[in-house]
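Asker: the following block contains a protein sequence and its predicted model.
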Amino acid sequence: MLKFDDKGLIPVIVQDAKDGAVLMLGYASRESLRLTLEKGEMVFWSRSRREIWRKGATSGNVLRVKSISKDCDSDALLVKAEPAGPTCHTGERSCFFTGFEKADLI
């Protein structure tokens, strides 16, 4: 049984199924996971808009799900997907393209 947080969400790490690159981190609700399984494409819960969000709905850059695994505590998911274009809304392949510095803690 998956362990959702107090808002009914679970973190989802998305990795490129071909080369293992980490593409993004999102959050899913029970309903978005149900839709993901139904459609075969990643569907998230948007925390900022507070609504279901199908990745690529406007851009066409969908994430075709190849596999889903849960971690040992069942409180996080790893999705291996085939991206249809850049994953990040900035146009970058991955959302993780900015270096981290000590100043980021301030």
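Answerer: Looks like it arrived, so ask away.
Asker: CA atoms for contacts and neighbours, from now on please.
Answerer: Noted.
Asker: which residues touch the closest residue to Lys3 other than its chain neighbours?
Answerer: If you skip the residues right next to it in sequence, Lys3 has Asp75 as its closest partner in space, 4.8 Å away by CA to CA, 6 or more residues apart in numbering. Each residue near Asp75 by CA atoms under 8 Å, 6 or more residues apart in numbering is listed here: Leu2, Lys3, Phe4, Ile10, Pro11.
Asker: buried residues, stretch 38-55. List them.
Answerer: Burial within stretch 38-55, assessed by neighbour count using 16 or more other CA atoms under 10 Å, is assigned to Glu41, Met42, Val43, Phe44, Trp45, Ser46, Ile52, Trp53, Arg54, Lys55.
Asker: kindly indicate which of those lies nearest Arg34.
Answerer: Taking CA to CA as the measure, Val43 is the one of the buried residues of stretch 38-55 closest to Arg34, at 8.7 Å.
Asker: who touches the closest one in this structure?
Answerer: Going by CA under 8 Å, 6+ apart, Val43 touches Ala28, Ser32, Leu33, Leu35, Thr36, Ile52, Trp53, Arg54, Lys55.
Asker: now the nearest residue to it once chain neighbours are set aside: phi and psi?
Answerer: Here the nearest residue to Val43 in space, its sequence neighbours aside, is Arg54; by CA to CA, 6+ apart that works out to 4.2 Å. With angles defined as degrees, to the nearest 10, Arg54 shows backbone torsions of phi -90, psi 120.
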